[in-house]
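Asks: Give me the fold of what follows.
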Amino acid sequence: MSVKIRLQRHGKKGKPFYSIVAADARAKRDGKFLEKIGTYNPNVNPAIIELDIDGAVKWLQNGAQPTDTAKAILSYKGAMLKNHLVGGVRKGALTEEQAEAKFTAWLEEKAGRIAAKKDGLTKEQAEAKATALAAEKAVNEARINAVKEAEAAILAEKAAAEAEIAAKAAAEKEAAAEEATEEATTEETTEENTAE
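Replies: Prediction:
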């Protein structure tokens, strides 16, 4: 029986969640498995991978073949490196302590890179939020300025209309006064003409 280390899909459509399992190569993708050695959640950034490294190394030592994706995950978590180091210890090239020291150093370096990536992501999110806020403030200021300009234009139109009305009223008063003076002069002239 050939054993594969592969992913078993769970979750709903568009939101996959995987179990990392050691299963018979002839079994269905989501069917019977020999041992569950971890989980993989790609729905978050960075992806969450929980893996029993010792269990994965045990299956690799027993001849289990990982699929391409499972191999990438095992490499990312250090199971492939630990398998390599265990092979070196078995051959006598390394001692158990040297292998453990190398693996621990690799884990610390990996943790530093992951922390740097998380910091970079949070920094990018903060910058994106700040730029969005600045753009929103600019839009709001533009709206406020547009409203103020519209109000000023309306007030100017009202003032112009009131000035025009006042000018017409003044012109009408002047016209009425001129008519009154004309009538008065015409009456005077008619009275003078009638008096002669």
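Asks: And the helices in the protein?
Replies: 53-61, 68-77, 79-91, 96-195 (DSSP state H).
Asks: Between those, which one is closest to Lys15.
Replies: With C-beta to C-beta as the criterion, Lys15 lies closest to helix 68-77 of the helices of the chain, at 17.5 Å. Bear in mind the C-beta positions are built from the backbone N, C-alpha and C, glycine included.
Asks: and that closest one, what does it pack onto?
Replies: Other helices and strands packing on helix 68-77, by 3 or more C-beta pairs under 8 Å, 6 or more residues apart in numbering; DSSP states H and E, are strand 3-12, strand 35-41, strand 48-51, helix 53-61, helix 79-91.
Asks: And the third one, what's buried?
Replies: Of the residues in strand 48-51, those scored as buried under the neighbour-count criterion (16 or more other C-beta atoms under 10 Å) are Ile49, Leu51.
Asks: Partner strands of that strand, with direction?
Replies: Listed by DSSP bridges, the sheet partners of strand 48-51 and their directions read strand 35-41 (antiparallel).
Asks: if you average pLDDT over the strand it pairs with, what comes out?
Replies: Taken as a whole, strand 35-41 carries a mean pLDDT of 94.
Asks: Now do that strand: everything it contacts.
Replies: Among residues not part of strand 35-41, those counted as contacts by C-beta atoms under 8 Å, 6 or more residues apart in numbering are 5, 7, 17-22, 47-52, 55-56, 59, 73, 77.
Asks: 7 Å instead?
Replies: The contact list for strand 35-41 (C-beta atoms under 7 Å, 6 or more residues apart in numbering) reads 7, 17-22, 47-52, 55-56, 59, 73.
Asks: tell me the angle that strand makes with helix 68-77.
Replies: 80 degrees (axes from the mean of the first three to the mean of the last three C-alpha atoms, to 10 degrees).
Asks: Report the contact partners of the spatially most central residue of the chain.
Replies: Geometric centre of the chain, nearest residue: Gln125, 6.7 Å, by C-alpha atoms, centre = their mean. Residues in contact with Gln125 (C-beta under 7 Å, 6+ apart): none are found.
Asks: Could you tell me how far it is located from Glu183?
Replies: Using C-beta to C-beta, to the nearest Å, we find Gln125 at a distance of 85 Å from Glu183.
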